[in-house]
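here is my input; please provide its structure:
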Amino acid sequence: MSFDAQNLSLGACILTIIHSHNKTHGLCRRCGRRSLHNQKKTCASCGYPAAKTRKYNWSEKAKRRKVTGTGRMRYLSTVSRKFKNGFQTGVPKGAQGATATPSS
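Numbering: from 1, shown residues only. Okay, the predicted model is just below:
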């Protein structure tokens, strides 16, 4: 902040600095960005604590940054491979070892 010394006295400058708050936004627990407004308790990025995530059609690039595929996709990356094999479950056929045949 720059103060004009001719218009403001020193006491007014000190009061202005003391009463100014440092940060208006803190960390959001849902999106992790520093967009949670401290007084409103609302995230400017994702809209937390609203149930639905904040997104608007007038901002294509912002929507593109948040969609599926921009993160790790720990589960979804394996689904296409499992779908190709028909979602097989259990132990593979050769992994059980030799089956014991009763000898008479």
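
which stretches of this protein form helices?
10-19, 60-66, 76-84 (DSSP state H).

quick check: mean pLDDT of the last one?
Think helix 76-84. Mean per-residue pLDDT for helix 76-84: 96.

which residues are contacting that helix?
68, 88 (Cβ atoms under 8 Å, 6 or more residues apart in numbering). The C-beta positions use only the backbone N, C-alpha and C, and glycine is treated the same way.

please apply the same query to the second one.
Contact partners of helix 60-66, identified using Cβ under 8 Å, 6+ apart, comprise 53, 55-57.

what's the neighbour count on Gly26?
For Gly26, the neighbour count with other Cβ atoms under 10 Å is 13.

do I have it right that it meets Lys41?
No. Using Cβ atoms under 8 Å as the test, Gly26 is too far from Lys41 to be in contact (9.8 Å).

any stretches of the protein with poor pLDDT?
Applying pLDDT under 70 to the chain picks out residues 1-9, 99-102, 104.

how about the residue nearest the centre of the chain, nearest residue that isn't a chain neighbour?
The geometric centre of the chain, computed from its C-alpha atoms, lies nearest to Cys31 (Cα atoms, centre = their mean), at 3.0 Å. Nearest residue to Cys31, sequence neighbours excluded (Cβ to Cβ, 6 or more residues apart in numbering): Cys46, at 4.0 Å.
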